[in-house]
Structures are given as C-alpha cells and as structure tokens.
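Everything below, folded, please.
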Amino acid sequence: MSTLQQSLTTRRAETMAEWPCVVIGPQVPALLVCVWQGRNWVLPWSCLLAARHVDTDNGEDLELSFTGYVVMASGHNLRGLLDDLAAFRVSCIRNLPLLYRAKFPENAPFLVWLEVHGSIPAPRSILETPG
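Numbers count the residues shown, from 1 in each chain. Model prediction:
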C-alpha cells in the first residue's frame, strides 16, 4: 500500500471513530438508519412494531420491525440497546467495516452488517382519476 493510501486509510479510520455505530441520547421522534456506503432511511418510532435480539455464534443480531420496513443488523454489544430502543432514545444506527472495530471501546455497540427491507408504495397523484 502506498504512503498516500495509508494516510487516507488512517485519516478515514480516525474520522469514522467520531461517528459511532449507535447514537443514544434523549428521546427522539425517529431513527436514522445509515447503511455503509449505501442508502439512508428515517423511520419514525411511532411505526415501530417490535424489536428482537438474538445471540449467535458470530455475535448478536438485532431486528427492528416498522410498518412497511424491517431493519436487520449484526454486530457486538447489542443486547444493551434494548432499553434505549424501547424508550426511543436511539437516534441513529450505522454499520462500519470490521477494520474500524479497534477504534471503539471494547464494550461499545458495533454493527458490522445492516440491511433494510421493504418499501413504501409511491404516492398516487391527487390528479389521477380512478380507472
């Protein structure tokens, strides 16, 4: 790896460390879901139907079911999020490549995989007439 590439990788890792995988604060109206180098969603907590946590051989899985969407995540130290999820205190979740894991405290929640399934149908124009 060239010196420039090493420098960019180091700088990016330092920047990523400022962006935790899970942001917890006071109660918020919606959850921002950011998939690594992908799409972003804002899902209102009022549409949360259920949350599920499962321990696996490789870490932990978290599943959040919203009206029209399912958010699935895998990572480490996720069980402790259940109370914050139940109280709508999680404002953002994002996954990061595993190589960034060392930049975070050992007990911090870390998401290595994140997917969102489902969609909201496109709105119909009020000018459309029923066929």
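
Can you give me the pLDDT of the residue nearest in space to the middle of the chain?
Central residue of the chain (C-alpha atoms, centre = their mean): I93, 2.9 Å from the mean position. Turning to I93, the model gives it a pLDDT of 97.

pretty sure it contacts V116?
No - with contact defined as C-beta atoms under 8 Å, I93 does not count as touching V116 (10.3 Å). Just so you know, the C-beta spots here come from the backbone N, C-alpha and C atoms, and that holds for glycine as well.

anything in contact with each of those two?
Residues touching both I93 and V116 (C-beta atoms under 8 Å, 6 or more residues apart in numbering): V33, V71.

Can you tell me which helix or strand of this protein has the lowest average pLDDT?
Ranking every helix and strand in the chain by mean pLDDT, DSSP states H and E puts helix 3-17 at the bottom, with a mean of 60.

quick revisit: please name the residues that touch the residue nearest to the centre of the chain.
I93 neighbours (C-beta under 8 Å, 6+ apart): C21, V22, V23, L31, L32, V33, C34, V71, A73, L111, L114.
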